[in-house]
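S.K.: kindly return the folded structure for what I paste below:
(3 chains)
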Amino acid sequence: MKTFKIGGVHPAENKLSAASPIRVAAIPKQAVFSMFQHIGAPAVPVVKKGDVVKVGTLLGEAGKGLSVPVFSSVSGTVNKVDAVLDSSGTRRMAVIVDVEGDEWEESIDRSDKLVTMKDLGGITAEEVVNRIKAAGIVGMGGATFPTGIKLMPPPGTKAEAIIVNAVECEPYLTADHRLMLEKPEQILVGVQLIKHAVNCPKAYIGIEMNKPDAIKLLTDLLKEKATQYPGIEVVPLKVKYPQGGEKQLIDAVIGRQVPAPPALPINVGAIVQNVGTVYAIYEAVTKRKPLIDRVITVTGKSVAQPSNFLARIGTPMQQLIDEAGGLPSDTGKIIGGGPMMGRALMSLDVPVTKGSSGLLLMTEAESRRGEVNPCIRCAKCVSACPMGLEPYLLASYTRLKDWDGCEKNDVTSCIECGSCAFTCPSNRPLLDNIRVAKQTVMGIIKSRHMESISKK
Amino acid sequence: MKPIISLSPHVHGGDSVQKNMYGVCIALVPALLASLYFFGLGSAIVMATSVAACVLFEWAITRFILRRDRLTICDGSAVLTGLLLGFNLPSNLPIWIIIIGALVAIGIGKMTFGGLGCNPFNPALVGRVFLLISFPVQMTTWPVSGQMGYVDVETGATPLAIMKNAIKAGDASLLNELPSSLDMLLGQTGGSLGEVSALCLLIGCLFMLWRKIITWHIPVSILATVWLLAGLFHLIDPSYADPTQVILSGGLMLGACFMATDYVTSPMTAKGQIIYGVAIGVLTVLIRDFGAYPEGMSFAILIMNGFTPLINTYVKPKRFGETKKS
Amino acid sequence: MNVILIAVIVLGGIGLVAALILFLAGKKFAVHEDERIGKVAEVLPGANCGGCGFPGCSGFAGACVKAADKGSLEGLLCPVGGQPVMEQVAGILGMQAEASAPKVAVVRCNGTCESRPRIAEFDGARSCRVQQMLGSGETACAYGCLGCGDCVAACKFDAIHMNPETGLPEVDEEKCTACGACAKACPRSIIEIRLKGLKNRRVVVLCNNKDKGAVTRKACAVGCIACQKCVKVCKFEAITVDANLAYIDAEKCKLCRKCEEECPQNAILAINFPPRKPKAEAPAAPAAPKAEAPVAPKAPAEQPATPSTATPAQS
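M.R.: Now for the predicted structure:
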């Protein structure tokens, strides 16, 4: 069974909502569209208070450099354009729309009919990428990197393998799993579109063994329609966290290791796309539908009905929890995303964004960290680190503010997966400290870079 | 509701210091039972004194000298040190010597450096070596196994002493006095409490490997190195003992499985652990065959404990995506 | 006898050889250093705090000597030793010391536990920088003190401490050397190295919140809402409002305290002033001025502030 080679841990899976089909969440009364739903420059609002918008209307155009546009997922009137609290815990620019009815832009094809490559005729690769860019699609696994940019390999590189990330290695989350079960053909068409866009003959769908039904469904489908979907292969993977990390997945599926930053996956010929992103690409290219909704898992041990919702972007989290049976009284922590890499939210007023893969409610008892003990140098963090780093060392260098030592020991390679803190028997906040070091060292490297440029 | 906020990860694997420490203690139970079976009352007295003294000293030092509010005696590390120290002592050792050993182990070996996690040397071995050097007579007269008493027991030569004599005399026939390999595996030999039954120690080691308390690198590299090196000497000159008997004799099994694998004093990376294990193996054989003492395990481990920081500095794990520097 | 003789000869021989090697090595690898550097370094505090911008005190001493060779000590200041030490340094180097006003660290946040309600509970490494990564942290104010004491840990002079009652750090002005380590350590740049002021008296906006007024008001009872009242009342044009936050220029401020009375949020505080005569109910203790702050300005603001303004004007 394939898997990545270095480190990894096995958190309890807790996939409580794996059996519940995707439900369409109600349209909210008021939707909030953050202009910061992606990595890079924020989108620039193009609407003002009082403007009437429809589903699919452009709210914010892509900013300078790395950026994507933001579209309205509801119809109604713009209430205000203002800074509001979002899932990052800070106030950032957003467009707030009061919802009236559900009117869609005419350009969007709302039918459920499957559109295949044949139906699209001779669509060019540029057109596919342009439609993806115009739809504002970002990586939907949580990293929210603009997809259009990823599909334009820099000169000198060539895509040799498309890898679809269907691993969903985060405990609790089942959004990608349900999407594969319910929209398998659409996903396969999406994969074909990506292959077409970057002119790559081979695509792999990496799925962990804890989703046997999805593996079977897709494998059978590919066998049945081998001529229709050529060059796509399902790769079952051994269950191990963080297999969904881009670098780990490439290692697991095609056995190539992406070198340390600034190298990118494309340097080893791989392009990784999340299943949710692939589905969004399908919808964007075949139906001309911008990214206005996504599947999100609302779950937790105390949640009445752990569910998967197809929610409009901008829906308040509070509403999804109400639909999943209300906020349990013993909730201690609200997490946007999964328990290993998600963000703790300060309130439920934050909206669903393009990167919201899940909403996890943890009980008070589950959410507290254990008492911190001295490091016993058991080396479990070293063997758990999927990047081959020494978390104990980086954490103590951080305490000593030895940023040179951190840099020499490759702190910038850290993918912040949390395996070290997860495995530490002394409950030491290893990742907290490593993040501080990573941030500082990145700053130092950047200023050094700027200095060398200004000298030249 | 006031939500709790923290950075990820939000879940923990549930491992703890206590689980690891008491796991090692459980792994020592078979060997403890074997020592009770072979040495009876003496074993019980030595073991109980050693554990009680270690826990007491740890408590007293944290409470009255370091004046820490949080007592650490519950984390199991003092119990473990006590057990391991006890395993390194002969069953007829006077109680006052044991208490001195515990004081040195906990007081000098561990707490002077700041307590758990800070000590550069294995505390139990610090205690043992201190006693070995200070009280060589008491520490090297081992009762013959199978005697249940504590005082007035008959003492005899251990396999290690026989091996040493054979090397000194250059006479291979002296090795005929050695007990059979099977007896050595089961424990029908003289020696310290933990030196008798290699089999029970192996069972404990397997338990620790199964519970993922330790990894295979250190025990396997030590045992393999000792076997290969001792085998080489045996081939060159038959007055050096058979490698299998070398492995089964003395504190080698205890050292390889329980003392060298001590978390705090062993290297952090797999590569480093193998270097450490090989070096311990080589040093053990050299001290046993050419040194002044019949047993070299504890010295070898302590010497390599001293090298652990150096190994940690220079032996790094293979980074993800690292390519060979051209 | 023989044994003793051999031992003496052997050990003495080893000693001689070692001494010879040391002597030769000392000659061979001797580094010639400007002796003034050593002299300057001697009068420096030796804390190696880096507040001067050089790596440690000897680095600063080297820089001083170099600057003296060029003819001016301008721009060089040991914030720890301050003016007296700089005068000594100048004396050694035969220069004139640049005049510089003493400075002190000021914590520009007054969001105590009462005035700034906690809306979440932080669980993790006790570090402001870690908490900063979680957005606004335990309170709704994204600019206020995080209370984990990174500044306290950074201080080499034991001059800044957390007050457990307010949850805010307090600067011990006696000990503070204005080296700036705390200001650098604060991830929210709350601490300002500010002119100490006449008789240590300062009028400061104790707020760092750049949110709009309504948002600030929700997060904190004593936050600056950028209402501009202080700007209007200031006769000396010392106050500016930038990015929804008022700032008092310490160089222009004449310590008249009009703005303190005017501020509707009590965000402006006058530190180390004697108690205002008409308001005897709240005697201001100089050591803990912040604790008094919310009480004092509640009194009628009609009283002219002449008694207090008179004092700094004379001195």
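
S.K.: now do the residue in the stretch 101-250 of chain A that chain B sits nearest to, the pLDDT please.
M.R.: Of all residues in the stretch 101-250 of chain A, the one sitting closest to chain B is residue A:247 (6.4 Å; Cβ to the nearest Cβ). From N, CA and C alone the C-beta is placed, and that goes for glycine too. Turning to residue A:247, the model gives it a pLDDT of 94.

S.K.: ok, it touching residue A:263?
M.R.: No. Judged on Cβ atoms under 8 Å, residue A:247 makes no contact with residue A:263 at a distance of 9.6 Å.

S.K.: neighbour count winner among the two?
M.R.: Remark: of residue A:247 and residue A:263, residue A:247 carries more neighbours, 26 against 13, as counted by other Cβ atoms under 10 Å in any protein chain shown.

S.K.: so for stretch C:135-151, mean pLDDT?
M.R.: Taken as a whole, stretch C:135-151 has a mean pLDDT of 89.

S.K.: end to end, how far does that stretch reach?
M.R.: Terminal residues of stretch C:135-151 are spaced 19 Å apart (Cα to Cα, to the nearest Å).

S.K.: what's the nearest residue to the residue in the stretch 151-300 of chain A that chain C sits nearest to if we skip its chain neighbours?
M.R.: Ranked by Cβ to the nearest Cβ, the top residue of the stretch 151-300 of chain A for proximity to chain C is residue A:300, at 17.5 Å. Distances taken as Cβ to Cβ, 6 or more residues apart in numbering or on different chains place residue A:361 nearest to residue A:300, at 3.5 Å, with adjacent residues excluded.

S.K.: quick one: contacts of the helix or strand containing the one you found?
M.R.: Using DSSP states H and E, residue A:361 falls within strand A:358-363. By Cβ atoms under 8 Å, 6 or more residues apart in numbering or on different chains, the residues outside strand A:358-363 that reach it are A:170, A:172-173, A:175, A:296-303, A:317, A:320-321, A:327-328, A:330-339, A:342, B:10.

S.K.: the residue nearest in space to the middle of chain C in helix, strand or coil?
M.R.: Of all residues in chain C, the one closest to the mean position by Cα atoms, centre = their mean is residue C:105, 2.4 Å from it. Of the three states, residue C:105 takes strand under DSSP: H, G, I helix; E, B strand; the rest coil.

S.K.: touching, it and residue C:190? I think so.
M.R.: No. Assessed by Cβ under 8 Å, residue C:105 is found out of contact with residue C:190, at 10.2 Å.

S.K.: in PyMOL, how would I select the buried members of the contacts of strand A:358-363?
M.R.: Buried members of those, defined by 16 or more other Cβ atoms under 10 Å in any protein chain shown, are picked up in PyMOL with:
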select buried, (chain A and resi 170+172+173+175+296+297+298+299+300+301+302+303+317+320+321+327+328+331+332+333+334+335+336+337+338+339+342) or (chain B and resi 10)
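
S.K.: just to revisit the earlier point, need the contact list for the residue of the stretch 101-250 of chain A closest to chain B.
M.R.: A:257-258, A:265, A:387, A:415, B:320-321.

S.K.: any idea how many residues pack against the residue nearest to residue A:300?
M.R.: Residue A:361: 26 neighbours (other Cβ under 10 Å).

S.K.: give me the phi and psi angles of residue B:6.
M.R.: Note on residue B:6: backbone dihedrals following degrees, to the nearest 10 are phi -160, psi 170.

S.K.: so it touches residue A:345, yeah?
M.R.: No. Between residue B:6 and residue A:345 there is no contact under Cβ under 8 Å: 11.5 Å.

S.K.: skipping adjacent residues, who's closest to residue 168 in space?
M.R.: Chain wasn't specified; assuming chain A. In space, residue A:168 is closest to residue A:176, 4.5 Å off (Cβ to Cβ, 6+ apart).

S.K.: sorry, should have said chain C
M.R.: If the residues on either side of it in the chain are set aside, residue C:168 comes closest to residue C:145, at 5.3 Å by Cβ to Cβ, 6+ apart.

S.K.: pretty sure the one you found belongs to a strand, no?
M.R.: No. Applying three-state DSSP, one finds residue C:145 to be coil, outside a strand.

S.K.: that one contacts residue C:189, doesn't it?
M.R.: No. If you go by Cβ under 8 Å, residue C:145 and residue C:189 don't touch, sitting 11.2 Å apart.

S.K.: looking at those two, which is more packed in?
M.R.: More crowded of residue C:145 and residue C:189, by other Cβ under 10 Å: residue C:145, with 28 against 11.

S.K.: next one: that one from chain B, what distance?
M.R.: With distances taken as Cβ to the nearest Cβ, to the nearest Å, residue C:145 is found 16 Å from chain B.

S.K.: can you name the residues that contact that residue?
M.R.: Residues near residue C:145 by Cβ under 8 Å, 6+ apart: C:107, C:109, C:111, C:167-169, C:188, C:190.

S.K.: thinking again about what came up before, ok, residues contacting whatever helix or strand the residue nearest to residue A:168 lives in?
M.R.: Per DSSP H and E, residue A:176 falls inside helix A:175-182. The contact list for helix A:175-182 (Cβ under 8 Å, 6+ apart) reads A:15, A:17-18, A:20-22, A:141, A:166, A:168, A:187, A:207, A:211, A:213-214, A:217-218, A:274-276, A:279, A:294-297, A:308, A:357-358.
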